[in-house]
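>>> Sequence and predicted structure below; questions after.
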Number of protein chains: 2
Amino acid sequence: MVVIGSGFGGLFAVKRLRRAPVEVTVIDRATHHLFQPLLYQVATGILSDGEIAPAIRDVLHRQRNARVVLGDVDGIDLEARTVTSHLRGSRLVTPYDSLIVAAGAVVSYFGHDDYRRHAPGLKTIGDARELRNRILGAFEMAEIEPDPDTRAAWLTFVVVGGGPTGIEMAGQIAELAHRTLRSNFRNIDPGGARILLVDGAPRILMSFREELAAKAAGRLRALGVEVQVGAKVTGLDAGAITVEGPGSEIRQVRAMTKVWAAGVTGAPLGRLLAAASGTPLEPGGRVRVLPDCSLPGYPEVFVVGDLMALHGLPGVAEVAMQSGRHAAGEIARRRRGHAEPRRFHYHDLGNLASISRYYAVAEFGSVGFAGLAGWLLWLVVHLTFLTGFKNRLSALFHWIISFCGRSRAERTITIGE
Amino acid sequence: MVVIGSGFGGLFAVKRLRRAPVEVTVIDRATHHLFQPLLYQVATGILSDGEIAPAIRDVLHRQRNARVVLGDVDGIDLEARTVTSHLRGSRLVTPYDSLIVAAGAVVSYFGHDDYRRHAPGLKTIGDARELRNRILGAFEMAEIEPDPDTRAAWLTFVVVGGGPTGIEMAGQIAELAHRTLRSNFRNIDPGGARILLVDGAPRILMSFREELAAKAAGRLRALGVEVQVGAKVTGLDAGAITVEGPGSEIRQVRAMTKVWAAGVTGAPLGRLLAAASGTPLEPGGRVRVLPDCSLPGYPEVFVVGDLMALHGLPGVAEVAMQSGRHAAGEIARRRRGHAEPRRFHYHDLGNLASISRYYAVAEFGSVGFAGLAGWLLWLVVHLTFLTGFKNRLSALFHWIISFCGRSRAERTITIGE
């Protein structure tokens, strides 16, 4: 059988099949399992690449029934039951009896693909490095810029999108400016940096209850972040961003550094899969599946995680893990002769978003936390889910450096080289 | 005053002036102080960028008389006493009363610049990432390659140059293949990788005494590295390398991955400085200086480190540190009214090169060590010179993981993304 993708969905599917009498081939375009919820910490110099992106073949090296293949999947033949991938011009056709598609999501600019080069998103290690170069590089540029207006533009950072990734980025840029970079410069005061968080929704953190979102917004404002909700981006280029709203207000802000955390859409593979199976593609580029996560008409094909449209489940790590595990379980059960499909039941384990050191919002069912209690929960949950004991130890060490101390271990950029 | 370069020469010069009544401007094209002797460990996944490349302005943030400017120096006007640098199109002219040029060295292909794209050198963080991508990527390519000859070419690694960097790279590629990647692949056996070390000299490690070099060569052979001395590279392209010698033997080896550790030359700034001062450029692109490290005819200009030609001193970190400190000391003395120049005396603290875990060669004066004793010395010396307590702790942790354990913390590559 074949698993496309080694994110949370793919990895949890493969691990579920550890003792099953199947041979699993994992195909991914990256060589690592990426712990996406901490990508913003790589972008802001807290963690190193390796801590959140261990080599997938090392994670699976003891699982003898699993093999890993590097490649970009560009074709699925549902009738011939083959997956086609390519890597640097060489093509590979891999046959399957069962298939789990866990290809995830990509950054979406909602039709404005011209925004991409000026406002990178945050989905890959390459994105995180690019943003780290831009954010830390902006302070470098400001330090040598003689014109006050341009200097101010270098010291203005706009994060588009008020979901967890957006608020985490905004909070960390604020901590960088106010704490980490303090007394690092002589011409500029990094603490004077302006950080804007813009979202079109009526409030930030729409997936959280209103009271927690309000506390998060308050904390962001206390950090010096200008939170602007009900505001839509209508223009974006190398040096500025235009924001409309709330109401009829239109503002153009000069800002050299923009981060796009406004939304994602299902990976391009979803369109291909929908077309091949005759299923219409859902809004958000997701593939509608049956209650057991299988593709309508193709019971041997499962779609899980961010690419799956089922009961309006959100594109979060927990859904990917559980649906990946469910699909793998279905495949294992069928091998044992159980033919009837089982519905996927999602167990909502709650929501977490960290705003700054010692401050996070968390909700579990009807219980909500904001502040230090939320942050400690955040810490425990992320340490638990980080892959590998050594990565946990190493991340903990870097968190102590960054949160108790003032510095960040991974400030290396390659802007000048 | 101005210091060009934030490597060992530049950093030690600036630090020497900590309490001197001068304002120091450091100009560098990178934002970090690079600990070059451990760059091969970033290239082979042991250490992260941040551990060996802390932000220079963070290293100096407490030194209030020092400011750091990011920029690529492309002009020195010795008469007007100004340094011109540029960064992304913006130009900066910095006047100086005293100047220390610590621009270091760059990889040299001895006239064969066409080799560069096929055989990267190892001088910057960017180089280390590129080599990590290529080395770990080669195993990925081999895993999916159906043709046995091409697969063998992906599993063949050639390191050109038998100095410390060359043997360290060859040794680490061998440890990666035999230890780290063991049981990570299903189609190939990484342990079957072929690693060649080629050098034109009659033996490797020419800067060490013969007995230690012989032991190092023996250890490399025990690790499975084919050591070929007295052999010159006469051809090199994307898929192969041609080696002539010893004697009239000519071999062409199919190898996808080549590392160039064969030599360096003074930074391009040296040529500019030589021309401006009327001093001929020495072989190796170095600038001949007076015994006090100053430029002939320009007592206010010092050239230190790898760019300096003086008494045939080698291009090693120790020379850079000591000459940087000496030049800074001269400047401080003159401020205090001492006009007569003092000669630079180099204290040779010895030579170190690590071949594999638990095995290094070390020589201090007439005493030589090979094996575990040498490796412990290597460990202590490198921990001592690494900048920052936190980096030391973090590097030590990663060494424990890599040397006692089997894994490497920083295997993340971006080949597929």
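Arrived safely.
>>> interface residues of the stretch 301-417 of chain A facing chain B?
For the stretch 301-417 of chain A, the residues in contact with chain B (C-beta under 8 Å from any C-beta of the partner chain) are A:390-391, A:393-394, A:397-398, A:401, A:405, A:407-417. To be clear about C-beta, it is placed using only N, CA and C from the backbone, and glycine gets the same treatment.
>>> mind running it again at 6 Å?
A:Lys390, A:Ile401, A:Ala409, A:Glu410, A:Arg411, A:Thr412, A:Ile413, A:Thr414, A:Gly416, A:Glu417 (C-beta under 6 Å from any C-beta of the partner chain).
>>> so which pair among the residues you listed is furthest apart in space?
Within these, two members stand farthest from each other by C-beta to C-beta: A:Lys390 and A:Gly416, at 32.2 Å.
>>> Buried subset of the residues of the stretch 301-417 of chain A next to chain B as a ChimeraX selection?
The following ChimeraX line selects those of these that are buried, judged by 16 or more other C-beta atoms under 10 Å in any protein chain shown:
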select /A:390,401,409,410,411,412,413,414,416
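>>> so which of the residues of the stretch 301-417 of chain A next to chain B would you say is closest to B:Leu205?
Using C-beta to C-beta, these come closest to B:Leu205 at A:Glu417, 28.9 Å.
>>> In contact with A:Leu99, which residues?
A:Val2, A:Val301 (C-beta atoms under 6 Å, 6 or more residues apart in numbering or on different chains).
>>> What of A:His33?
A:His33 neighbours (C-beta under 6 Å, 6+ apart): A:Ser6, A:Leu11, A:Ile56, A:Val59.
>>> In helices only, show me those residues.
A:Leu11, A:Ile56, A:Val59 (DSSP state H).
>>> Chain B contacts on chain A?
Near chain B, when you scan chain A using C-beta under 6 Å from any C-beta, you find A:29-32, A:48-50, A:53, A:55, A:57-58, A:61, A:67, A:69-70, A:92, A:124-126, A:140, A:144, A:183-184, A:186, A:390, A:401, A:409-414, A:416-417.
>>> contacts for stretch A:401-415?
Counting by C-beta under 6 Å, 6+ apart, A:45-46, A:48, A:132-133, A:136-137, A:179-180, A:357, A:398, B:31-32, B:49-50, B:53, B:55, B:125-126, B:390 sit against stretch A:401-415.
>>> same thing but at 7 Å, please
For stretch A:401-415, contacts defined as C-beta atoms under 7 Å, 6 or more residues apart in numbering or on different chains pick out A:45-48, A:132-133, A:136-137, A:140, A:179-180, A:357, A:398, B:31-32, B:48-50, B:53, B:55, B:58, B:125-126, B:390, B:394.
>>> Restricted to helices, list these.
Residues from these lying in helices, with DSSP H as the criterion: A:132-133, A:136-137, A:140, A:398, B:49-50, B:58, B:125-126, B:390, B:394.
>>> Using pLDDT, spot the least trustworthy of those residues.
Confidence by pLDDT is poorest for B:Lys390 among the ones in helices among the contacts of stretch A:401-415, given 84.
>>> how much space is there between A:Ile76 and chain B?
According to C-beta to the nearest C-beta, to the nearest Å, A:Ile76 and chain B sit 18 Å apart.
>>> my read is that residue is in a strand, agree?
Yes: checked against DSSP: H, G, I helix; E, B strand; the rest coil, A:Ile76 lies within a strand.
>>> Secondary structure element for the closest residue to it other than its chain neighbours, which one?
Distances taken as C-beta to C-beta, 6 or more residues apart in numbering or on different chains put A:Val83 closest to A:Ile76, at 5.5 Å, once the chain neighbours are dropped. Using DSSP states H and E, A:Val83 maps to strand A:82-87.
>>> returning to that earlier point: in CSV, list the residues of the stretch 301-417 of chain A next to chain B along with secondary structure.
Below are those laid out as CSV (three-state DSSP):
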residue, secondary structure
A:Lys390, helix
A:Ile401, helix
A:Ala409, coil
A:Glu410, coil
A:Arg411, coil
A:Thr412, coil
A:Ile413, coil
A:Thr414, coil
A:Gly416, coil
A:Glu417, coil
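>>> count of neighbours near the residue lying closest to A:Asp127 once chain neighbours are set aside?
For A:Asp127, ignoring the flanking residues on the chain, the nearest one in space by C-beta to C-beta, 6+ apart is A:Pro120 at 5.5 Å. Counted with other C-beta atoms under 10 Å in any protein chain shown, residues neighbouring A:Pro120 total 23.
>>> next one: A:Gln63
A:Gln63 has 17 neighbours, counted by other C-beta under 10 Å.
>>> For it, list the residues it contacts.
Residues near A:Gln63 by C-beta under 7 Å, 6+ apart: A:Arg18.
>>> which residues of chain A score low on pLDDT?
Where chain A drops to pLDDT under 70, the residues are A:416-417.
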